[in-house]
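[1] Return atomic coordinates for the entry below.
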Amino acid sequence: MRLWVCIALLSIVLCASAERPAIVRGIVRAGEFVRDAAGGAKDMLRAYLDMRKANYIGADKYFHARGNYDAARRGPGGAWAAKVIRWPFFLPHSDLREAIQTRGSGRGAEDSRLDQEANRWGRSGGDPNRYRPKGLPSKY
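    As a prediction, this is how the structure comes out:
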């Protein structure tokens, strides 16, 4: 009896790995998307925390570009996460953030526009070092 159970289980495993039905392939792709999105969110968070830790004037564009670049390299889910996640994380929409920044300083809107440009540069695969300021410690 055990032999037949082992043969049946082996047959199921071999058949399942040989050709998956479309629904299973779709579920696997969805799982990969979610995994990439979670990893992309982690990349964005790491860049944000590094930016806070570095506390280096003029380095924010570099960290924007780096976070988006790392997230987008993970695949479609990571690219989606990079597009959806806003900087800083606690503000729900970039327009709201821009309005708040504009009130705080005279160059808030321009700075926000440049941040978004760095985000797009990183998401499109551009080298984040384009925005790296001189003197930023090499650990970043």
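[2] So what's the residue count around residue 33?
    16 (other CB atoms under 10 Å). The way it works is simple: take the backbone N, C-alpha and C, and place the C-beta from them, glycine included.
[3] Please tell me how far it sits from residue 44.
    Distance of residue 33 to residue 44, given as CB to CB, to the nearest Å: 16 Å.
[4] Please apply the same query to residue 117.
    17 Å.
[5] So for the two, which sits in the more crowded spot?
    residue 44 (27 against 14).
[6] which regions of the chain lie under the pLDDT threshold?
    1, 3, 5-11, 13-18, 87-107 (pLDDT under 70).
[7] Show me where it has its helices.
    For the chain, the helices defined by DSSP state H occupy 2-18, 22-54, 60-72, 76-84, 94-104, 108-123.
[8] Quick one: closest of the ones you listed to residue 135.
    helix 22-54 (10.7 Å; CB to CB).
[9] relative to helix 76-84, how tilted is the closest one?
    50 degrees (axes from the mean of the first three to the mean of the last three CA atoms, to 10 degrees).
[10] which of the residues in helix 22-54 are buried?
    By neighbour count on 16 or more other CB atoms under 10 Å, the buried set for helix 22-54 is 33, 36-37, 39-44, 47-48, 50-51, 54.
[11] now swap in stretch 65-76 and tell me
    65, 66, 67, 68, 69, 70, 71, 72, 73, 74, 75.
[12] Name the nearest of those residues relative to residue 109.
    residue 65 (19.5 Å).
[13] from the chain's centre, how far out does stretch 70-81 sit?
    Stretch 70-81 sits 5 Å away from the centroid of its parent chain (CA atoms, centre = their mean, to the nearest Å).
[14] Need the buried residues of stretch 65-76 in JSON lines (columns: distance to residue 58).
    Formatted as JSON lines, the buried residues of stretch 65-76 follow (distance: CB to CB, whole Å):
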{"residue": "65", "distance to residue 58": "13"}
{"residue": "66", "distance to residue 58": "14"}
{"residue": "67", "distance to residue 58": "16"}
{"residue": "68", "distance to residue 58": "18"}
{"residue": "69", "distance to residue 58": "18"}
{"residue": "70", "distance to residue 58": "20"}
{"residue": "71", "distance to residue 58": "22"}
{"residue": "72", "distance to residue 58": "23"}
{"residue": "73", "distance to residue 58": "25"}
{"residue": "74", "distance to residue 58": "27"}
{"residue": "75", "distance to residue 58": "31"}
